[in-house]
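Engineer: Here is a sequence with its predicted model. Questions after.
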Amino acid sequence: MNKTKWIVAVTALLLIGGSAAVLLQFKAQQRLGQPGVKTRPLANSRNLQVVLPETVLDYTSEWLEQTDIVTNTLPPDTSYGSRRYTAPDNFSAQVTVVLMGSDRTSLHKPQFCLTGAGWAIDSNATREETVRVEQPQPYDLPVVKYVASRQVQQEGRTVEWRGIYVYWFVAEDAISATESGLERMWAMAHTLVTTGVLQRWAYISYFAVCPPGQETATYERLKKLIAASAPEFQLTPKPKTQVAATQP
């Protein structure tokens, strides 16, 4: 190996070693940020339970436990909250919140949730949209909407169902909803480097099933449910009075 190659090799090793040292230093010094959703402690656990409202509008709800495949796949410091909301006409939607701990791999790609359950995503119908929310102050909540399909056997025949899946991410003082996820990853990296705080993001999803042709109506009902329920458990954005009180 000539002198130039030796210099390149040594330089590469120094860069790799230096990068590893910086990452280890960040990990040792980082502080976990506050969640952007309401939580309460779980007995005999370091994890939390995300607090979702029992009733919203004219919906009742039931608490849903996480399956073993979820808890065994995601990091052990992941926290959860999940309810199925049902209206008087039997329209129902499942609301799930996955809250990361110090292990950011809790925030898996939303596509995995649907395809793992046998749903095929219609990429042409995927949209980045907003939902108007009036509380704690009027704002447009960014969301990503998926439309998916699945065929099931009912009474000896094949029936197609459509699924409307709406999701976004929230942390303390931050909301993100892009299909690529790059905005949230950049915000996490920037905050960690500049403040030493690892943002504690929560992944929020709303899911409802409908027959083909009812996608638009189902999405409209989900939007109304989101507008009414999200302020009950989401802490971002803060009320204007609270923001004014914390400003210098």
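Structural biologist: Here it is on my side, so go on.
Engineer: Which strand residues bridge residue 97?
Structural biologist: Judged by DSSP bridges, the bridge partners of residue 97 are residue 81, residue 204.
Engineer: residues in contact with stretch 118-137?
Structural biologist: Contact with stretch 118-137 is made by 111, 114-115, 138-150, 163, 165-166, 177-179, 215, 223, 226-227, 230-231, 237-240, as judged by Cβ atoms under 8 Å, 6 or more residues apart in numbering. From N, CA and C alone the C-beta is placed, and that goes for glycine too.
Engineer: With adjacent residues omitted, what lies nearest to the spatially most central residue of the chain?
Structural biologist: What sits nearest the mean C-alpha location of the chain, by Cα atoms, centre = their mean, is residue 203, with 1.2 Å. Spatially, and ignoring its direct neighbours in sequence, residue 203 is nearest to residue 98 (4.5 Å; Cβ to Cβ, 6 or more residues apart in numbering).
Engineer: residue contacts, that neighbour?
Structural biologist: 74, 78-80, 106-107, 202-203.
Engineer: which of the residues you listed has the most neighbours?
Structural biologist: residue 202 (27 neighbours; other Cβ atoms under 10 Å).
Engineer: my guess is it contacts residue 97, does it?
Structural biologist: Yes: counting by Cβ atoms under 8 Å, residue 97 is a contact partner of residue 202 at 5.4 Å.
Engineer: any shared contact partners between these two?
Structural biologist: 37, 50.
Engineer: Residue 68 and residue 74, how far apart?
Structural biologist: For residue 68, the distance to residue 74 equals 11 Å [Cβ to Cβ, to the nearest Å].
Engineer: before we move on, the earlier item: kindly reformat the contacts of residue 98 as TSV containing secondary structure, distance to residue 35 and pLDDT.
Structural biologist: Shown next, in TSV, are the contacts of residue 98 (DSSP: H, G, I helix; E, B strand; the rest coil; distance: Cβ to Cβ, whole Å; pLDDT from 0 to 100):
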residue	secondary structure	distance to residue 35	pLDDT
74	coil	16	92
78	coil	12	96
79	strand	8	97
80	strand	12	97
106	helix	12	91
107	coil	13	88
202	strand	6	97
203	strand	12	97
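Engineer: got a list of what residue 109 touches?
Structural biologist: Taking Cβ under 8 Å, 6+ apart as the criterion, residue 109 is in contact with residue 181.
Engineer: tell me the phi and psi of it?
Structural biologist: The phi/psi pair for residue 109 (degrees, to the nearest 10) reads phi -70, psi 130.
Engineer: Against residue 80, how distant is it?
Structural biologist: 17 Å.
Engineer: Residue 216 now?
Structural biologist: Remark: distance between residue 216 and residue 80 (Cβ to Cβ) = 30 Å.
Engineer: just residue 106 next, same as before
Structural biologist: Distance, residue 106 to residue 80, using Cβ to Cβ: 10 Å.
Engineer: just residue 234 next, same as before
Structural biologist: 15 Å.
Engineer: can you pull out the helices in the protein?
Structural biologist: Assigned by DSSP state H, the helices in the chain fall at 3-29, 68-73, 110-116, 182-195, 215-233, 240-246.
Engineer: and residue 67, how many residues sit next to it?
Structural biologist: 9.
Engineer: Quick check, pLDDT for it.
Structural biologist: Per-residue pLDDT puts residue 67 at 89.
Engineer: With the one 4 residues further on instead?
Structural biologist: The score at residue 71 is 87. That number is its pLDDT.
Engineer: That one: what's it in contact with?
Structural biologist: Applying Cβ under 8 Å, 6+ apart to residue 71 gives the contacts residue 78.
Engineer: Renumber starting at 35 from here on
Structural biologist: With 35 as the first residue, the last one maps to residue 105.
Engineer: got a list of what residue 64 touches?
Structural biologist: Residue 64 neighbours (Cβ under 8 Å, 6+ apart): 136, 226, 230-232.
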